[in-house]
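Student: just coords:
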């Protein structure tokens, strides 16, 4: 409908301490992951995930946050625009948002950042290809989805309308 409200940013939490971790669906968020929680409409990421990932490059946090934010965007889209391959669509939207931000000057990529982003997608990939909704997809699928967003912007991430 053209309106947009940002999700709440909870940000870093310690997933090794369930007593202090944010709760989603009645369950504390776990270690080593990042989340978009539809029930609370927030994004959060475990400090261990970010600390460990950052060691491989400073592009890691950008990718993780953009991917989780993409899930918040999916939650705001009409259902017909949400792909059954939710995680790959989130990778695509992450690519579109990060490279869109670079194009408008909001974000400046440094030498090697694009390689770091692809390396992070590879590390975070499943061992097998996407087959069902909860799958993230293998490394090739994740990098391809991210590249689709980078090259084609948001429109390339949305399913084609049957009216087109």
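Tutor: Great, that's in hand. As the structure is a computational prediction, the values presented were derived from the model and not from experiment.
Student: Near the closest residue to residue 30 other than its chain neighbours, how many residues? Count them for me, please.
Tutor: Spatial nearest neighbour of residue 30, excluding adjacent residues (CB to CB, 6 or more residues apart in numbering): residue 15 at 5.0 Å. In short, each C-beta sits where N, CA and C put it, glycine included. Residues lying near residue 15 (other CB atoms under 10 Å) number 23.
Student: Correct me if wrong: residue 15 contacts residue 22.
Tutor: No. Look at residue 15 against residue 22 with CB atoms under 8 Å: they stay out of range, at 9.6 Å.
Student: residues shared between the contacts of those two?
Tutor: Residues touching both residue 15 and residue 22 (CB atoms under 8 Å, 6 or more residues apart in numbering): 28, 29.
Student: For residue 83, give me its contacts.
Tutor: Residue 83 sits next to 89, 157, 158, 159 when contact means CB under 8 Å, 6+ apart.
Student: Which members of those residues occur in helices, if any?
Tutor: residue 89 (DSSP state H).
Student: which among the contacts of residue 83 end up buried?
Tutor: 89, 157, 158 (16 or more other CB atoms under 10 Å).
Student: between the residues you listed, which is closest to residue 148?
Tutor: Among these, residue 157 lies closest to residue 148 (CB to CB), at 6.7 Å.
Student: Is it correct that that closest one is in contact with residue 148?
Tutor: Yes. The pair residue 157 and residue 148 passes the contact test of CB under 8 Å, sitting 6.7 Å apart.
Student: Find the residues that touch each one of these two.
Tutor: Residues touching both residue 157 and residue 148 by CB under 8 Å, 6+ apart: residue 92.
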